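**Student:** Sequence first, predicted coordinates after that:
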Amino acid sequence: MFDGPLIARIFVAVQLTSLAYLFFSGPWIAENLWLLTIEVSGFFIGIIAIWQMKPGNFNVTPIPKPNGKLVTYGIYAVIRHPMYLAQLLVVGTLVIEHYSHLRLVILLVLSVNLIFKLNYEETHLIKYFEAYEKYRQSSWRLIPLIY
C-alpha cells in the first residue's frame, strides 16, 4: 500500500517544503561562531556527498536510478546518508539560533521524514544492489557512532 512512486514523492515534498520553510523563515547564515562552524560543516558534508555520488548517479527520490552505482567510498564509507545529515546540520543550527516553536516543529517533521525516507530508501537499495547488505554492516546510517 505505501510503496512506489507516490510515497517517494510524498517524502520529497515534505522534505523540500520543510527545508523551504526553515530557509525562508529566518536568516540563512548563523551568527554564533560555533553554530556557523556546524552549519558550514553541514554544507561541506553535503557538497562532498554530492561530488562523490556524482551528479548523474544522484536522485532526490528514495528510489535507485536505473543503471545507478553504489557509492561506498569517501564519506559514504562511514555514513550511508550524508546528504540527510548535511541538511539537518545546516537547518538545525538555524533553528537553534533563530528559535521559534513553529521552526522547531518543522525541524522535527523534517527529521522524522528523513528517517522514514532513509529506511524506505534502504529497502529499495537492498533489492537493487547485491552488495548493499554488506555495506550496511560496515557503515553508519546517519550519525557516525550513534545511528
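**Tutor:** Received, thanks. Residues are numbered from 1 along each chain as shown.

**Student:** Quick one: low-confidence residue ranges for the protein.
**Tutor:** 1-3 (pLDDT under 70).

**Student:** what about the strands in it?
**Tutor:** Using DSSP state E, no strands are found in the chain.

**Student:** The residue nearest the centre of it and residue 140, how far apart?
**Tutor:** Centroid-nearest residue in the chain: residue 84, 1.2 Å away (criterion: C-alpha atoms, centre = their mean). Using C-beta to C-beta, to the nearest Å, one gets 12 Å for the distance from residue 84 to residue 140. C-beta coordinates here come from the backbone N, C-alpha and C atoms, glycine included.

**Student:** the helices in this protein, which residues?
**Tutor:** Assigned by DSSP state H, the chain shows helices spanning 5-24, 33-53, 82-97, 101-128, 132-137.

**Student:** mind checking which of those helices is nearest residue 69?
**Tutor:** With C-beta to C-beta as the measure, helix 33-53 is the member of these nearest residue 69 (8.9 Å).

**Student:** How far away from the center of its chain is the closest one?
**Tutor:** Put simply, helix 33-53 sits 12 Å off its chain's centre (C-alpha atoms, centre = their mean, to the nearest Å).

**Student:** That helix packs against which elements?
**Tutor:** Helices and strands touching helix 33-53, by 3 or more C-beta pairs under 8 Å, 6 or more residues apart in numbering; DSSP states H and E, are helix 82-97.

**Student:** hey, C-alpha coordinates of the helix it packs on in CSV?
**Tutor:** What follows is helix 82-97 as a C-alpha-only set of coordinates in CSV (Å, rounded to 0.1, in the frame of the first residue of the first chain):
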residue,chain,number,x,y,z
PRO,A,82,25.5,12.1,4.4
MET,A,83,23.2,14.4,2.4
TYR,A,84,20.4,13.9,5.0
LEU,A,85,22.9,14.6,7.8
ALA,A,86,24.1,17.7,6.0
GLN,A,87,20.6,19.1,5.7
LEU,A,88,19.9,18.5,9.4
LEU,A,89,23.2,20.2,10.4
VAL,A,90,22.6,23.2,8.3
VAL,A,91,18.9,23.9,9.2
GLY,A,92,19.3,22.6,12.8
THR,A,93,21.8,25.4,13.5
LEU,A,94,19.5,28.0,12.0
VAL,A,95,16.6,26.8,14.2
ILE,A,96,18.7,26.9,17.3
GLU,A,97,19.9,30.4,16.6
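
**Student:** Right, I'll call it a day here.
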